[in-house]
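Peer 1: Prediction below, plus the sequence it came from.
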Amino acid sequence: MVIDEHLTERARGAMIGLAVGDALGMPTQSMSATQIVEYYGGLIHSLMDAVPQQPIAPNMPAGSVTDDTEQAFVLANRLIEDDGRIDNDAYAQDLLRWEMKMKARGSLDLLGPSTRAALQALTDGVEPEHTGRFGTTNGGAMRATPVGIAFRPGKSLAEEAWRSCVVTHNTVQGIESTMLVSAAVSFAVEGRRDFLQKALEFVESQPTRGNWSAKASVVARVKMFMERVISEGVTISDDEFAVILRRDCGTSVEANESVAAAFAIATRFFDRPTEALCFAASLGGDTDTIAAITGAMLGAWHGVDGFDQAIVGQVLRRLKDDNRLDVSRTVAGLLALREREG
């Protein structure tokens, strides 16, 4: 099967952009903006070693990725093995095995709170449609990039985005955020420059799925902050924009904060991908996930060449040597699923 080289380049850009954003945000994750300046000497402009005071990844070397990238590859491999229709029982076991491997390595970068609680419930015999009923965080969204590569915008994309998060994030917020990231990547891989807006329209056209939560809508907050960037973007500085995201949007693990922040950053820095990821890494909060999602979406449009090549090279070396992740083989497997759709 011969796959269009531009399609391959954009798909590679999505997976590598995810990893690059993740690696840039790794040293600052769960830290405040004040702590980032204190421990790293200012804003993030390049890959950096994590300081000993890093709460999740102390002393992790520069260029290392976190659970965002690793779990995205877990999902990608499951999609490929299952021929495009996720076996959620097998996927749950994949995630549990991944966490065991991380613990054996002494890592503190394990499953997020929603994912861990859901998988424990599944292990205890709770039916899969009930295990994720409290998951409003961004775990589904951070893993969603492979779904966007594997499927064109349409019914299959919506279905597998849902299946990829239902066990752990079966809430309106969890599903909306996962579908938004999947759709943005998919439209970008298709070559649609308006992929951020098209993702919003796609998710708004889908029937509401998932358990109710009193937390704010992810779609509504993404739309709100994208519109704010468009209306105010030329009149405010990057420092002012960062304050707006921290104060008005939030940068926590909640999907309606971190995913909204990622879409806003991608909108503001649309043609400056590396700058976008450094900005995200400097925000404070869930920086690795915000930067990873931003990187996946912008990488799916700009391709690998859109990012600083020295940074890309260092991250790819660590992916290969430390994580044993094969980007080219994974992307080829995902694109084979996409091409089969016709």
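Peer 2: Nice, thanks for sending it over.
Peer 1: low-confidence ranges in the stretch 151-300 of the chain?
Peer 2: Regions of the stretch 151-300 of the chain meeting the criterion pLDDT under 70 are absent.
Peer 1: Tell me which stretches of it form strands.
Peer 2: Assigned by DSSP state E, counting those that start in this stretch, the stretch 151-300 of the chain shows no strands.
Peer 1: From D94, how far out is G132?
Peer 2: Note on G132: its distance to D94, by Cβ to Cβ, to the nearest Å, is 16 Å. Where C-beta positions appear, they are placed from N, C-alpha and C, glycine not excepted.
Peer 1: Show me which of these two is the more surrounded one.
Peer 2: More neighbours surround G132 than the other of G132 and D94, with 29 against 17 (other Cβ atoms under 10 Å).
Peer 1: Now do the phi/psi pair for the nearest residue to that one once chain neighbours are set aside.
Peer 2: Nearest non-adjacent residue to G132, counting by Cβ to Cβ, 6 or more residues apart in numbering: N170, 3.4 Å away. When quoted as degrees, to the nearest 10, the phi and psi of N170 stand at phi -90, psi 60.
Peer 1: Could you report the neighbour count for N170?
Peer 2: Neighbours around N170, by other Cβ under 10 Å: 24.
Peer 1: my guess is it contacts E127, does it?
Peer 2: No - in this structure, N170 is not within contact of E127 by Cβ atoms under 8 Å, at 10.7 Å.
Peer 1: Now for the two: what residues contact both?
Peer 2: Residues touching both N170 and E127 by Cβ atoms under 8 Å, 6 or more residues apart in numbering: none at all.
Peer 1: Buried residues of stretch 36-56, list them for me.
Peer 2: Residues of stretch 36-56 classed as buried by neighbour count (16 or more other Cβ atoms under 10 Å): I36, Y39, Y40, L43, I44, L47, M48, D49, A50, V51, Q54, I56.
Peer 1: ok, now how distant is the first one from S237?
Peer 2: Read that as I36. 18 Å.
Peer 1: Over to the second one?
Peer 2: Look at Y39 and S237: by Cβ to Cβ, they are 24 Å apart.
Peer 1: Check the third one too.
Peer 2: Using Cβ to Cβ, we find Y40 at a distance of 21 Å from S237.
Peer 1: now swap in L245 and tell me
Peer 2: Per Cβ to Cβ, L245 is found 13 Å from S237.
Peer 1: Comparing those two, which shows the higher neighbour count?
Peer 2: Set side by side, L245 and S237 show more neighbours around L245, with 26 against 8, by other Cβ under 10 Å.
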